[in-house]
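> task: produce atomic coordinates for the following.
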Amino acid sequence: MRFVNLCLSIPNLDTIIFYIIFVIIIPGVLFSSGDYETLKYYLPALVMAAVTLTESGKPDVFTNLYPTECSKNSTFSGFLSTNIINGIAIVGILLQSLSLAASTSSITLGLVSGLIIFSITFPMAQQILPYFIREVDFLFCPNKYNSDYSTCIVTPGNWHMYLAGLIFSIFLLIVQYTLLIGFSKYILSTNIKLI
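I've put the predicted structure just below:
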């Protein structure tokens, strides 16, 4: 509870902590250790992490990290944070698709891999992931939205929402990896050339 109170007293502290850990330290460690493979997959996954934290932390923490809804309450810091995370994810998608195209000499494979990662990262993570988190919250506490907390399963700090977001993010990454492997084998074995 101290973290929530601290975040409420210092504006955007939660967003700053996210950027320090997930945008600066972890990619810095991966880059300095030469683990570029993990870095290519990690950068697009930042969108899933930001969406999970924003949706699960409502209305107290991470509200300006990755706001997905356009509303009158939107702030410039939320807009800026969303676009920075989107830009980092796009860099990761480009790194993945260009390096795959260069290593296999197949522009088609690079294009297909970029489309797969893009479709998992943006439409699914931005639209389906928040919906899934809200549905899990509704399952745990169906009367929460009617101001009747008597039938709610109490989880401190919305941990059920964070866990649901983490599980669904892992599921999306597994689907992405499976599609990439499947299409890579198919395109390389049949030598399809779209371009």
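> residue ranges with poor pLDDT in the protein?
1-9, 70-73, 142-156, 193-195 (pLDDT under 70).
> can you show me the helices along it?
According to DSSP state H, the chain carries its helices in the segments 2-9, 13-18, 26-32, 36-57, 76-104, 107-119, 129-140, 159-190.
> among those helices, which is the most enclosed?
Highest mean neighbour count of the helices of the chain: helix 36-57, a mean of 21 (counted as mean count of other Cβ atoms under 10 Å). (Glycine included, C-beta is placed from N, CA and C.)
> which residue, other than its chain neighbours, is closest to T15?
L65 (4.8 Å; Cβ to Cβ, 6 or more residues apart in numbering).
> cool, and S77?
N64 (4.8 Å).
> could the helices of the chain go into TSV alongside distance to E69?
Below are those laid out as TSV (distance: least, Cβ to Cβ, whole Å):
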stretch	distance to E69
helix 2-9	20
helix 13-18	17
helix 26-32	27
helix 36-57	10
helix 76-104	10
helix 107-119	21
helix 129-140	9
helix 159-190	16
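> I'd guessed the residue nearest to S77 sits against S74; true?
No. Judged on Cβ atoms under 8 Å, N64 makes no contact with S74 at a distance of 9.1 Å.
> who's more crowded, these two?
N64 (20 against 13; other Cβ atoms under 10 Å).
> so P67 makes contact with G78?
Yes. Using Cβ under 8 Å, P67 makes contact with G78 at a distance of 4.3 Å.
> state the distance from the residue nearest to S77 to D14.
Distance, N64 to D14, using Cβ to Cβ, to the nearest Å: 8 Å.
> cool, and V91?
Counting by Cβ to Cβ - V91 and D14 are separated by 24 Å.
> what about N12? Give its phi and psi, please.
phi 60, psi 20 (degrees, to the nearest 10).
> that one contacts N64, doesn't it?
Yes. If you go by Cβ under 8 Å, N12 and N64 touch, sitting 5.6 Å apart.
> overlap in contacts, these two.
S77 (Cβ atoms under 8 Å, 6 or more residues apart in numbering).
> state the number of residues packed around V61.
For V61, using other Cβ under 10 Å, the count is 23.
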